[in-house]
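1. Give me coordinates for this.
(2 chains)
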Number of protein chains: 2
Amino acid sequence: MPIQHTVVFRLTHPAGSDEERAFLADARAALTSIPGVEDFRISRQVSAKSDLAHQFSMVFQDDAAYQSYNDHPTHVAFVADRWVPEVAEFQEYDFAEA
Amino acid sequence: MPIQHTVVFRLTHPAGSDEERAFLADARAALTSIPGVEDFRISRQVSAKSDLAHQFSMVFQDDAAYQSYNDHPTHVAFVADRWVPEVAEFQEYDFAEA
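-> Have a look, this model is predicted:
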């Protein structure tokens, strides 16, 4: 069953900064290079009822593709080198058909 | 600009209960009857990194349609009569194209 993997987050960088643009562009390049990642999208979170500012969303066709992404060296390196130092707060959610 | 309005939530009812099924069915019937609500979807939240269990997602074509939904008597009544007593915890997020 397909799974929509999402993370809503706020960066340590100011809104509109070069650092913000670089993080989003580098994330897109790194994460879309990993096999199994489909329909990768970056959205702005605009509700005043949350102070998180961006969302990454991607679809995996099954649990095996999701697990392979999690363990992929490009994902592991992105988390260690960029996510941990540049993300101030985040929440993951995964969605499946009801 | 289109806005994807979402809420991730956990009910007071046990998973798989008749009360859960009734809440989800009644929510779909009530909310999709409101003008401006497009692409209404109910998903299961399956990540162990959150203890929320469901998501409602809908799309509004613009802020006016969203505001009209928020103020609509059917929405206001649903929130007062069903959402407040039957939802234990929730988080809203709205997404727009980056």
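2. So in terms of bridging, what pairs with the residue sitting nearest the centre point of chain A?
-> Central residue of chain A (Cα atoms, centre = their mean): A:F56, 3.7 Å from the mean position. Taking DSSP bridges as the rule, A:F56 bridges to A:V7, A:I42.
3. so what's it up against?
-> Contact partners of A:F56, counting by Cβ atoms under 8 Å, 6 or more residues apart in numbering or on different chains, are A:T6, A:V7, A:F9, A:A27, A:L31, A:F40, A:R41, A:I42. (Glycine included, C-beta is placed from N, CA and C.)
4. Show me what secondary structure element comes after the helix or strand where A:V76 lies.
-> In this assignment (DSSP states H and E), A:V76 forms part of helix A:73-78. Next along the chain after helix A:73-78, taking DSSP H and E as the criterion, comes helix A:84-86.
5. ok, is that next one in contact with chain B or not?
-> No. For a cut-off given as Cβ under 8 Å from any Cβ of the partner chain, helix A:84-86 has no contacts with chain B; the smallest distance is 15.5 Å.
6. And the helix holding A:V76, what does it pack against?
-> Applying 3 or more Cβ pairs under 8 Å, 6 or more residues apart in numbering or on different chains; DSSP states H and E, one finds that helix A:73-78 makes contact with helix A:18-32.
7. Check the gap between A:F95 and B:F95 for me.
-> Note on A:F95: its distance to B:F95, by Cβ to Cβ, to the nearest Å, is 13 Å.
8. so A:H72 touches A:I34, yeah?
-> Yes. Counting by Cβ atoms under 8 Å, A:H72 does reach A:I34; the two are 4.9 Å apart.
9. on that earlier part again, by neighbours, which of the contacts of A:F56 wins?
-> A:T6 (24 neighbours; other Cβ atoms under 10 Å in any protein chain shown).
10. Let me know whether it touches A:D94 as I believe.
-> Yes. The criterion here is Cβ under 8 Å, and A:T6 meets it with A:D94 at 7.0 Å.
11. Nearest to chain B, out of the contacts of A:F56: which one, please.
-> Nearest to chain B among the contacts of A:F56: A:I42, at 4.5 Å, using Cβ to the nearest Cβ.
12. mind listing what that closest one touches?
-> A:L24, A:A27, A:R28, A:H54, A:Q55, A:F56, B:A98.
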